[in-house]
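Q: what's the 3D shape of this:
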Amino acid sequence: MGRLQSVIRAIYPPQCVNCGGLTGEEFALCGACWRDSHFIGGLTCNQCGVPLPGDDRGEQVLCDDCMTIARPWAQGRAVFLYRDTGRHLVLALKHGDRTDLARSAGVWMAQAAAPLIRPGMIVVPVPLHRWRLLRRRYNQAALLAARLARVAGLPHVPDALLRSRATRPLEGHSREARFAALSDAIRVHPRHAARLAGRPVLLVDDVMTSGATLAAAASAALAAGASEVCVQVLARAAKDA
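A: Residues are numbered from 1 along each chain as shown. You can find the predicted model right below:
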């Protein structure tokens, strides 16, 4: 098997998942795309994962938004900023049928989520409304959640939450409009309410902008009795990014 894999790699060398250039391993980024992905490290906001100026001394700090907005979740992390290569990867996964990207992205998300993992935690994706799911054919958040859960060794409940009301695309809307549009739009699936009761939940989505969608999903999980909710996203949209 090892020899066969070597032959296959010689004929089809590993390619960058973003640009198609040569890489040293499968499902990875080349050096240039890695540099332009703006992976988040160092000091970050404890609730939304946005990078902050200063040194990481192990203290829990909040960004300006999270000091003014009541987040219903306890902690949050993001893999990279929503710009350049990171934005291209998210859009390719979300709208370009690049479902294969969830394999790499889920690994990155599992690594970023390490500080959030609690005993007995369940991984739950942010849901799509059934009509949008029908048009897109897949929920990118569910693909990411499934891969993250597999890497982290956590149970995954892909349909724990339901989008009970369709909402218009929220790109370009104000923060207030986003929160108003998502109010009461997400609920827990009755079949899975008992699974969430008394257990911590890791909520997964592709992008956090205002946090309105995640807030609606986290509130629904807490209303069903989840002991705590943490959030993990692939990309974080930031004002200065």
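
Q: Tell me the buried residues in stretch 80-93?
A: For stretch 80-93, the neighbour count (16 or more other C-beta atoms under 10 Å) marks 80, 81, 82, 83, 85, 86, 87, 88, 89, 90, 92, 93 as buried. From N, CA and C alone the C-beta is placed, and that goes for glycine too.

Q: Check stretch 223-237 too.
A: Neighbour-count burial for stretch 223-237, with 16+ other C-beta under 10 Å as criterion, is recorded at 224, 226-237.

Q: Let's have these in CSV, adding distance to residue 133.
A: Listed next are these as CSV, based on distance: C-beta to C-beta, whole Å:
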residue, distance to residue 133
224, 21
226, 23
227, 29
228, 28
229, 22
230, 25
231, 21
232, 21
233, 19
234, 19
235, 21
236, 24
237, 23
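
Q: which one of those is nearest residue 134?
A: Ranking the buried residues of stretch 223-237 by separation from residue 134, with C-beta to C-beta as the measure, puts residue 234 on top at 23.2 Å.

Q: All the helices of the protein, residue numbers only.
A: 2-11, 31-35, 64-68, 84-95, 101-112, 130-136, 140-152, 175-182, 193-196, 212-223 (DSSP state H).

Q: can you tell which of these is closest to residue 42?
A: Across the helices of the chain, residue 42 has its closest neighbour in helix 101-112 (12.7 Å, C-beta to C-beta).

Q: Need the contact partners of that closest one.
A: Here helix 101-112 makes contact (C-beta atoms under 8 Å, 6 or more residues apart in numbering) with 17, 27-29, 39-40, 49, 77-80, 89, 92-93, 140, 143-148, 150-152, 204, 232-234.

Q: Export that helix to PDB, keeping only CA atoms.
A: Output in PDB follows, covering the C-alpha atoms of helix 101-112 (Å, rounded to 0.1, in the frame of the first residue of the first chain):
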ATOM      1  CA  LEU A 101     -12.500  22.000   1.900                       C
ATOM      2  CA  ALA A 102     -14.400  20.900   5.100                       C
ATOM      3  CA  ARG A 103     -11.700  18.200   5.500                       C
ATOM      4  CA  SER A 104      -8.900  20.700   6.000                       C
ATOM      5  CA  ALA A 105     -11.000  23.400   7.700                       C
ATOM      6  CA  GLY A 106     -12.500  20.900  10.200                       C
ATOM      7  CA  VAL A 107      -9.000  20.000  11.300                       C
ATOM      8  CA  TRP A 108      -8.000  23.600  11.800                       C
ATOM      9  CA  MET A 109     -11.200  24.300  13.700                       C
ATOM     10  CA  ALA A 110     -10.700  21.300  16.000                       C
ATOM     11  CA  GLN A 111      -7.200  22.700  16.800                       C
ATOM     12  CA  ALA A 112      -8.600  26.200  17.500                       C
END
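
Q: Which parts of the chain belong to which domain?
A: According to automatic domain parsing, the chain comprises the domains 1-35, 40-236.

Q: Looking at those, which one is packed in the most?
A: For these, the largest average neighbour count (mean count of other C-beta atoms under 10 Å) is found in domain 40-236, namely a mean of 19.

Q: now the domains of the chain as JSON lines including mean pLDDT?
A: Putting those into JSON lines (pLDDT from 0 to 100) gives the following:
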{"stretch": "domain 1-35", "mean pLDDT": "78"}
{"stretch": "domain 40-236", "mean pLDDT": "91"}
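
Q: hmm, back to that, mind putting the helices of the chain in TSV, distance to residue 118 included?
A: Below are the helices of the chain laid out as TSV (distance: least, C-beta to C-beta, whole Å):
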stretch	distance to residue 118
helix 2-11	37
helix 31-35	30
helix 64-68	20
helix 84-95	27
helix 101-112	14
helix 130-136	29
helix 140-152	11
helix 175-182	25
helix 193-196	13
helix 212-223	14
